[in-house]
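1. Please find the sequence and the predicted model below.
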Amino acid sequence: MAGWTRAALAAALVLGVGHGAYADDAARLGKAAEIDGARIQNAESEPGNWLAHGRTYSEQRYSPLDQINDKNVGELGLGWYFDTHTDRGLEASPIVVDGIMFASGSWSVVFALDAKTGKQLWKYDPEVPGEWARRACCDVVNRGVAVYDGRVYVGTIDGRLVALDAKTGQPAWEINTIDRERPYTITGAPRIVNGKVIIGNGGAELGVRGYVSAYDAKTGEMAWRFYTVPGDPSKPFENPELEAAAKTWSGGKWWEVGGGGTVWDSMSYDPELNLLYVGTGNGSPWSRELRSPGGGDNLYLSSILALNPDTGRLVWYYQTTPGDTWDYTATQHLMLADLQINGETRKVIMQAPKNGFFYVLDRETGKLISADKYVHVTWASHVDLATGRPVETEEGSRWANKPELVFPSPYGGHNWQPMAFSPKTGFVYIPAMEIPFVFGPDPNYQYRPGAWNLGTPLSTEPVANPEPGPELVGKVIAWDPVSKREAWSVKSWGPWNGGLLATAGNLIFQGTGDGKVRALNATTGEILWQAPAQTGVIAPPVTYTIDGVQQVSILAGWGGAFGLAAGAAAKAAQVKSVGRILTFTLGGKETLPPTEIAALQPELPEGETPADQVRKGHALFGQFCSACHGADAVAGGVIPDLRYSSAAIHASWQDIVMGGILKDRGMASFADLIKAEDADAIHAYVIWRGRQNSDVSGPLPTN
């Protein structure tokens, strides 16, 4: 066994291969991971690879490959598929270099595959404790890895940052990035800038303080950390920027809940300006009347921040939603481009955040160039170009006093699913949504560590005679950022669909929530091709070449915020929860195995469900259960539908909800938040909903 290291032995056991095969694969893996900042900056010189999260630092998600184009895309077929053996959401963008694919899946598991055949070369499981799922607002997802200098970097759902040896998949170093007593998570993909691994975190809904951190790629030592909201003002501020920000918070003790502002997704980088751009999230709690009752913009919530990546200090900021009270995060895709505006070449950064306005900013100064509605918006009438501030409507602002139907919903006009930009058409392609939400005051609000701390109940009563809005729908919008208008749009099955890829073949690729992968004409929006995925798709595609042959790959796995919580609307997709990586090539002949969606049969216990128990359980279910098990107890196809629980589940209800006997499967105990009689009330409500035998809830019983 001479010459074998412990890591090599472990990797060989995972691979199930002999010494010679391992050595060959290890050499390929090591070569593929030879990426540095200069190589990413020059990504245009190797269009056959997908070197970084958005292919380039500009995050345009545009590929100059055109072997697959609008003339021959109808010949596209499945080349290979890889089963991830997961049944939760898949959201990652694979990194593909020199024939090797590095991808991440549910529970932060990482795969290295042969990109030509789909053969697994190694797998790394960080063994996240199952009970950590309760801290994840929006599924146990991961949006990808970064590859740099022989290593693969991943953030785990339980807040660790891990550097893996690209040859073996074994950890080179691992560090904890969070306060483990607070409900932090990591779902976003790391970025590598100037030899540093940049990572943020999530958790604002449950109550945390947001920040973004940089770690030395070689050693894991923290280089800097920028907090996005001020902490306890009785203590020293970390920097002058936070001292200034504290003046925009007043009248509350936001630091006890955390304040929010988490950097849970998008970043981009301009090497010429040496500026790192990050988007920040919503407040904690959502309601500004509770968070900062004295008013104020609450910096740096829902903002685009330009940071010096060497020091972590703030260079400029732009706040898209001052004093955010609707969960209108600005963590959505940040994209850099050079545009001709009014006869002048402008270096811009573009974003379509949740709030429904499409922003174009000067990326050197942060000055607003334009902001226009790309979906139906009722919370604000417009953005004042002179001040850069939205002009709020009465309808949008008054929900602190009474329930109001507002567009967009907390899902946003656009969520995390990436946009794409084609320099050939000049369009930015947005996976947009039209969804309303009833915001209303929560008179019984109190901060509960580990619970959703919103300040608006998730089971708010309906609004009487609401103003009619657009159809609840998802769509791809081709947005012209120069003329500031929609060029075309194409509807999807429903709101929750995949991210986008644009190519020089005049194509837009996307996966859909109802289980398809499709290609659209980038100029007109015409659907030119589609193939079955057998599961809802929310991840964005990537494209690359193997031996000169262009391939398109996408992770297919239903889940995420809408897939968990949206109940009947998500279930309407009729897709199975299964995880795969699908790769398409011209002339591909592979087929997916047949699949069936089993019909569920409830096993409801006998006995009465008292009306008062059902009503109490309805409110508790909305507060503690609906984010995962679905509105009105209608699951969206990922987490079990409790209405169809088995007799064994009903018999073990208290042991599950209070005792945590299923914690390893993601169902942790709720004994820290509710009492045994509360669990019984939730059980009564679930039984009552099961007896209704309908995805549409009837009126709550009154006696």
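-> Yes, it's here.

2. for residue 680, helix, strand, or coil?
-> Classification of residue 680 by DSSP: H, G, I helix; E, B strand; the rest coil places it in helix.

3. just checking, it touches residue 613?
-> Yes. If you go by CB atoms under 8 Å, residue 680 and residue 613 touch, sitting 7.0 Å apart. Glycine gets a C-beta too; all of them are placed from N, C-alpha and C.

4. Does residue 26 lie in a helix or a strand, and which?
-> helix 19-32 (DSSP states H and E).

5. Just the buried positions in that helix, please.
-> Going by neighbour count (16 or more other CB atoms under 10 Å), the buried part of helix 19-32 is 22, 25-26, 28-29, 32.

6. Any chance of the residues you listed in TSV with pLDDT as columns?
-> Formatted as TSV, these follow (pLDDT from 0 to 100):
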residue	pLDDT
22	64
25	90
26	91
28	94
29	94
32	91
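
7. From those, pick the one nearest residue 272.
-> residue 32 (27.4 Å; CB to CB).

8. Name the helix or strand of this protein that has the lowest mean pLDDT.
-> The weakest-scoring helix or strand in the chain, judged by mean pLDDT, DSSP states H and E, is helix 6-15 (a mean of 43).

9. ok, for residue 371, nearest residue in space, not its chain neighbours?
-> Nearest residue to residue 371, sequence neighbours excluded (CB to CB, 6 or more residues apart in numbering): residue 383, at 3.7 Å.

10. Mind listing the residues bridging to the one you found?
-> residue 390 (DSSP bridges).

11. Hmm, residue 355 and it touching each other?
-> No. Counting by CB under 8 Å, residue 383 does not reach residue 355; the two are 9.4 Å apart.

12. so what sits against both of the two?
-> Applying CB atoms under 8 Å, 6 or more residues apart in numbering, one finds that residue 383 and residue 355 are jointly contacted by residue 390.

13. Show me which of those two is the more surrounded one.
-> Per other CB atoms under 10 Å, whichever of residue 383 and residue 355 has more neighbours is residue 355, with 28 against 19.

14. residues contacting that one?
-> Neighbours of residue 355 in contact, by CB under 8 Å, 6+ apart: 302, 320-321, 326, 328, 377, 379-380, 390, 408, 412-413.

15. Would you mind checking these for buried ones?
-> 302, 320-321, 326, 328, 377, 379-380, 390, 408, 412-413.

16. how about the residues you listed in CSV, adding secondary structure?
-> Listed next are the buried ones among the contacts of residue 355 as CSV, based on three-state DSSP:
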residue, secondary structure
302, coil
320, coil
321, coil
326, coil
328, coil
377, coil
379, coil
380, strand
390, strand
408, coil
412, coil
413, coil
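
17. Return the member of these nearest to residue 230.
-> Set against residue 230, the nearest of these by CB to CB is residue 302 (15.3 Å).

18. With residue 411 as the reference, measure out to residue 343.
-> According to CB to CB, to the nearest Å, residue 343 and residue 411 sit 38 Å apart.

19. Looking at the two, which has the bigger crowd around it?
-> Using other CB under 10 Å as the criterion, residue 343 and residue 411 rank with residue 411 on top: 21 against 5.

20. Is the more buried one in a helix, a strand, or coil?
-> Quick answer, by three-state DSSP: residue 411 is coil.

21. For residue 534, see how far away it is.
-> Distance from residue 411 to residue 534, by CB to CB: 24 Å.

22. The helix holding residue 26 packs against which elements?
-> On a contact count with 3 or more CB pairs under 8 Å, 6 or more residues apart in numbering; DSSP states H and E, helix 19-32 meets helix 6-15, strand 100-104, strand 120-124.

23. Show me what the following helix or strand past the second one pairs with in its sheet, parallel or antiparallel.
-> To tie it back to what came earlier, the one meant is strand 100-104. Following strand 100-104 in sequence order, the next helix or strand is strand 110-114 (DSSP H and E). Strand pairing for strand 110-114, using DSSP bridges, gives strand 100-104 (antiparallel), strand 120-124 (antiparallel).

24. Please enumerate the helices of the chain.
-> Secondary structure of the chain (DSSP state H): helices located at 6-15, 19-32, 37-41, 240-246, 254-257, 288-291, 394-397, 560-565, 568-571, 611-624, 626-629, 647-651, 653-657, 676-692.

25. Would you single out the least confident of those?
-> Sorting these by mean pLDDT places helix 6-15 lowest, at a mean of 43.

26. domains of the protein?
-> 1-56+94-220, 232-415+437-471, 611-692 (automatic domain parsing).

27. Quick check: the most centrally placed residue in the chain vs residue 628, distance?
-> Central residue of the chain (CA atoms, centre = their mean): residue 416, 4.5 Å from the mean position. In this structure, residue 416 and residue 628 are 18 Å apart, going by CB to CB.

28. Same check on residue 449?
-> 18 Å.

29. okay, now residue 546: neighbour count?
-> Using other CB under 10 Å: residue 546 sits among 19 other residues.

30. Need the nearest residue in space to it, chain neighbours excluded.
-> Once flanking residues are discounted, residue 546 sits nearest to residue 116: 4.5 Å by CB to CB, 6+ apart.

31. for residue 237, same thing?
-> residue 243 (4.2 Å).

32. The one you found: how many residues sit nearby?
-> The burial count for residue 243: 13, using other CB under 10 Å.

33. Tell me where the stretch 101-250 of the chain has strands.
-> Here the stretch 101-250 of the chain has its strands, by DSSP state E, counting those that start in this stretch, at 110-114, 120-124, 146-148, 151-155, 160-165, 171-176, 191-193, 196-199, 211-216, 222-227.

34. just the strands in the stretch 251-400 of the chain please.
-> 259-260, 267-270, 275-279, 283-284, 303-307, 314-319, 335-341, 344-351, 357-362, 368-373, 380-384, 389-392.

35. would you turn those strands into a markdown table with distance to residue 204 and mean pLDDT?
-> A markdown table is the format used below for the strands of the stretch 251-400 of the chain (distance: least, CB to CB, whole Å; pLDDT from 0 to 100):
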| stretch | distance to residue 204 | mean pLDDT |
| --- | --- | --- |
| strand 259-260 | 4 | 96 |
| strand 267-270 | 17 | 98 |
| strand 275-279 | 13 | 98 |
| strand 283-284 | 4 | 96 |
| strand 303-307 | 13 | 98 |
| strand 314-319 | 16 | 98 |
| strand 335-341 | 23 | 98 |
| strand 344-351 | 18 | 98 |
| strand 357-362 | 21 | 98 |
| strand 368-373 | 24 | 98 |
| strand 380-384 | 21 | 98 |
| strand 389-392 | 20 | 97 |
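
36. Take those strands and write them to TSV, including distance to residue 144.
-> Listed next are those as TSV, based on distance: least, CB to CB, whole Å:
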stretch	distance to residue 144
strand 259-260	24
strand 267-270	12
strand 275-279	16
strand 283-284	25
strand 303-307	21
strand 314-319	26
strand 335-341	16
strand 344-351	19
strand 357-362	24
strand 368-373	29
strand 380-384	31
strand 389-392	31
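
37. Compare the ones you listed and report which one is nearest to residue 188.
-> That would be strand 267-270 among the strands of the stretch 251-400 of the chain, by CB to CB, at 8.0 Å.

38. what packs against that closest one?
-> Using 3+ CB pairs under 8 Å, 6+ apart: strand 267-270 touches strand 191-193, strand 275-279, strand 335-341.

39. hmm, back to that, so the residue nearest to residue 237 touches residue 231, yeah?
-> No. Residue 243 is not in contact with residue 231 according to CB under 8 Å; the separation is 11.0 Å.

40. I am finished for the moment; much appreciated.
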